[in-house]
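**Q** Everything below, folded, please.
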Amino acid sequence: MFNKGYKIAAFTLAEVLITLGIIAILAAVTIPSLMKNVNASKYSSQFQQALSSLNQAIRMAQSNFDVDYASTNEKCNIESARSESATQVFTFCSIYNSTLSGASYVGQLSAVPGYSIRVRSDLNSYFIFDNPVYAEGNSRVIMSTTPSDYLGYALASGVMVGFNKDAVGCAVDTGKLPDDNWISNNTHCIGFIDINGVAGPNTVVNCDDVNALEINPNSTCAVTVDANHITDIYPVIFYNGSVIPATPAARSIASKWKQSTLTDNLGGN
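**A** Model (predicted):
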């Protein structure tokens, strides 16, 4: 016989519904943030991979065509860039056409509908401006954020490489790295890697406490692994036989990239 005095503990329907409601609210709050942080980690890895791919491509150009960024002697012809070959002309476009399998010429980025290069307005703000202005001191070199200044190539991976439409002759003396003086006189050698291609957020990666667009590849900074700091655009410098991070934030993200890749190519032609 059953003991009529024994009661089975159970949740009421109301309690279950309230619990499910709380779980749903917590999920709605935390999952988007979690996904953004996952994307931040993915962007970091993809940037490192893109750096490696571009450096492999320029080494191939040196080996097969005896050309690199230093020996380019003409600017890309914006209209006919797709047909340029390293066997005929030395341009950034001929290098990429001849070495980057599966890559396609995008053209001048101002012609890409809705494309922009953006940075956060300041380190303590979540607002984003299309045309940031930084004018502190004379020692800083600022990367252009005007799409019409750049030509783009979409890689097979979906990553886009943007370089200045006037890029030519990006040469650094053997055994040296680009310094502030060189960069200030060769701003046409500054470009970027956009992990997402033409898709958003099209925002420049930034340090926790350093100007996002300060061009100083020898500086270091801390970059919080979240969607507010690790975004999809990474400034780079093209020179000789190398592509290196151009800003403290981009360099910090590339820190896992083998340092020997940098030191082995100092000034290499």
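
**Q** Could you measure from Phe163 over to Pro217?
**A** From Phe163 across to Pro217, the span is 16 Å (C-beta to C-beta, to the nearest Å). C-betas here are computed from N, CA, C, even on glycine.

**Q** do the same with Ala61
**A** Applying C-beta to C-beta to Ala61 and Pro217 gives a distance of 22 Å.

**Q** Same drill for the two, tell me which one is more crowded.
**A** Here Ala61 and Pro217 are set side by side on neighbour count (other C-beta atoms under 10 Å), and the busier one is Ala61, at 24 against 21.

**Q** wouldn't the more buried one be in contact with Asp68 here?
**A** Yes: using C-beta atoms under 8 Å, Ala61 is in contact with Asp68, at 5.9 Å.

**Q** tell me, what's touching those two both at once?
**A** Counting by C-beta atoms under 8 Å, 6 or more residues apart in numbering, the residues touching both Ala61 and Asp68 are Ile95.

**Q** any idea which element Ser98 lies in?
**A** Using DSSP states H and E, Ser98 falls within helix 92-99.

**Q** So in the protein, which strand runs the longest?
**A** strand 233-239 (DSSP state E).

**Q** What segments of the stretch 1-150 of the chain are helices?
**A** Listed in chain order, the helices of the stretch 1-150 of the chain (DSSP state H, counting those that start in this stretch) span 13-65, 92-99.

**Q** hey, which helix or strand in the protein has the poorest pLDDT?
**A** Lowest mean confidence among the helices and strands of the chain (mean pLDDT, DSSP states H and E): helix 259-263, at a mean of 39.

**Q** Next, the angle from the helix holding Ser98 to strand 233-239.
**A** 100 degrees (axes from the mean of the first three to the mean of the last three C-alpha atoms, to 10 degrees).

**Q** and the one residue sitting closest to the centre of the chain, what is it in contact with?
**A** By C-alpha atoms, centre = their mean, the chain has its centre lying nearest to Tyr234, at 2.4 Å. Applying C-beta under 8 Å, 6+ apart, we find Tyr234 in contact with 47, 192-195, 204-205, 245, 247, 249-250, 253-254.

**Q** For Ala70, see how far away it is.
**A** Tyr234 is 22 Å from Ala70, by C-beta to C-beta.

**Q** Report whether Gly197 is found in a helix, as I expect.
**A** No: counting by DSSP: H, G, I helix; E, B strand; the rest coil, Gly197 is not part of a helix but coil.
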